[in-house]
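Asks: fold the following for me, if possible:
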Amino acid sequence: MDPDIKKFGRGPRELTGSVDLISQYKLLDPHAYFCKRSLPLSIADTHYLRNVVGDTEIRKGEGMQLDQLIQNTLYSRDTNVCIQPFDLDILQEAFQLRETGPVELPAKRKHDGDEDINDIHRHKKSKHKSSKIDEVGAIKVAG
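Replies: Now for the predicted structure:
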């Protein structure tokens, strides 16, 4: 019998979905701390953020609901349409979007595209020197 067949399956177990990784890596306490915490009432009460974990505070009030940004909300509730366009005027008002002028960068941070040809050639040459393949085919890395 082939000795390799006897060795099959005797190595370390492969990590898959059937292995309890939290128990295996002793992560029960961090998992309980970060993932099992109850939601604050402000989050648990909204229907948008059911799976959020943590101390995120959401303030309710006029203009604070996402469905107010969607045009024609009655249409979206009656049908199975998943994507609706936002009303841009309401969106700009909600997030105070404003146009800005052009941003001027300092001269030394700008890149005009004219690179020194010698610098490029020197860089390519140094890349070739850093690793060479010997006669056998092994790669030698210069250090």
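
Asks: tell me how this structure divides into domains.
Replies: Domain assignment for the chain by automatic domain parsing gives 21-59, 61-97.

Asks: what's the least confident stretch among the ones you listed?
Replies: Between the domains of the chain, the one with the least mean pLDDT is domain 61-97; it has a mean of 62.

Asks: could you check how far residue 88 is from residue 108?
Replies: Taking CB to CB, to the nearest Å as the measure, residue 88 falls 39 Å from residue 108. C-beta coordinates here come from the backbone N, C-alpha and C atoms, glycine included.

Asks: those two - which one has more neighbours?
Replies: In terms of neighbours (other CB atoms under 10 Å), residue 88 is the more surrounded of residue 88 and residue 108; the figures are 11 against 6.

Asks: which SS class is residue 101?
Replies: State at residue 101, reduced to three classes by DSSP: H, G, I helix; E, B strand; the rest coil: coil.

Asks: then the one 3 residues further on?
Replies: When the structure is reduced to helix, strand and coil (three-state DSSP), residue 104 reads as coil.

Asks: tell me the pLDDT of it.
Replies: Value listed for residue 104 in the pLDDT field: 76.

Asks: and the one 4 residues further on, by the same measure?
Replies: Note for residue 108: predicted pLDDT of 72.
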